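Chemist: Generate a structure from the sequence data that follows.
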Amino acid sequence: MNPSGNDKQPILEARNLSKEFHTGGAFTGGTVKAVQGASFKLYRGHVVALVGESGSGKSTIVRMLARLYDPTEGDILYEGENVLEQRGRRALLDYRSKVQMVFQDPFSSLNPVHRASHAVHRPLKIYDKARGRGALRQKLIELFELVSLTPADEFIEKYPHQLSGGQRQRIAIARALAAEPEVILADEPVSMLDVSIRLGILNLMADLREKQGIGFLYVTHDLASARYFSDEILVMYAGYIVEQATSEELISNPKHPYTQMLLAAVPDPSRGLKTEDADVQGEIPDLTDLGSGCPFAPRCKHVMDVCHEAMPGPTRLEDERWVRCYLYEEGVPVA
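Modeler: Numbers count the residues shown, from 1 in each chain. Modelled structure (predicted):
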């Protein structure tokens, strides 16, 4: 999605990102092609959701953008500058102050032997956002109040085991906000929380997007929350992004058979418990032996001979929409 107004330039961009992992020994190992040729853009104040089954490569993309993994191929651009060409601890620290990450598990992302204040206090010092005991304390209070942990003085003194899962995730978000980021990479931030408190975390992130102009990459396997929170959805399968569209367009009119399968699996009382599209068998294939064809071909009810021969390239259907599928040629659906 390309926003209008003054924010037409992306704040963060992935260009043809690929990541391979080598497993096993020199003679018995293989190569896991976790991500292949992923490209997309993030803008200030907008949310891009990255959706797919477990093992599709979503978290690998997040870790490359967070500079926890180095890409095998491709570029990462922040405000038009290739961050992979920048060297030195200072450059990495500057980048991470602008691109922060919120992890999936709020139970393991906080140190159990330290108070909640420690998690937020550390980035304030590392990124030099407050100096002096009084200024640090005031900044802590502001951040805890920003994520709706009030009274802040009470929550600052608590240990992680004294907090609920939702409260811990709010502290993790406050920790990310302490660096004053432009982008937050949220790796399934609500998947391990009770259903009753997930909406509160999504509303908190939506408020941060609206009031502070933070751009989000929201990783999830839940299309319902992706539709609720995001402006644009990328669908990922076996290392490839196979479809890209605005949230409303993708939910109302999915093109790729895999996207149709994901939507059919979402409970919908209006259509009953069974749907034709939901009857798809199989799992994500072995990423060490993908072959040359479309990796979804063994599960696809529309499979053709060409699907086993080569991976289809992206076909642009509209200005802001494209899909990787042989059912569409030159932007025109094939009957």
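Chemist: Please, where are all the strands along the stretch 51-200 of the chain?
Modeler: 73-78, 81-82, 99-102, 183-187 (DSSP state E, counting those that start in this stretch).
Chemist: Report the angle between the last one and strand 73-78.
Modeler: Orientation note: strand 183-187 sits at an angle of 130 degrees relative to strand 73-78 (axes from the mean of the first three to the mean of the last three Cα atoms, to 10 degrees).
Chemist: CA atoms of strand 183-187 as CSV?
Modeler: Extracted in CSV, the C-alpha atoms of strand 183-187 (Å, rounded to 0.1, in the frame of the first residue of the first chain):
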residue,chain,number,x,y,z
VAL,A,183,9.1,1.0,12.9
ILE,A,184,8.0,-1.9,15.2
LEU,A,185,8.4,-5.5,14.0
ALA,A,186,5.7,-7.3,16.0
ASP,A,187,6.3,-11.1,15.7
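Chemist: So in that sheet, which strands flank it, and in what orientation?
Modeler: Its sheet considered, strand 183-187 pairs with strand 99-102 (parallel), strand 215-220 (parallel) by DSSP bridges.
Chemist: Dump the ones you listed into JSON lines; add mean pLDDT as well.
Modeler: Below are these laid out as JSON lines (pLDDT from 0 to 100):
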{"stretch": "strand 99-102", "mean pLDDT": "96"}
{"stretch": "strand 215-220", "mean pLDDT": "97"}
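Chemist: of the ones you listed, which approaches Pro151 most closely?
Modeler: Pro151 lies closest to strand 99-102 among these, at 23.5 Å (Cβ to Cβ). All C-beta spots, glycine's among them, are computed from the backbone N, C-alpha and C.
Chemist: Name the residues that touch the closest one?
Modeler: By Cβ atoms under 8 Å, 6 or more residues apart in numbering, the surrounding residues in contact with strand 99-102 are 12, 62, 65-68, 78, 169, 172-173, 176-177, 179, 181-187, 189.
Chemist: swap the cut-off to 6 Å and go again
Modeler: Strand 99-102 is contacted from outside by Ala66, Ala172, Ile173, Ala176, Ala179, Pro181, Val183, Ile184, Leu185, Ala186, Pro189, using Cβ atoms under 6 Å, 6 or more residues apart in numbering.
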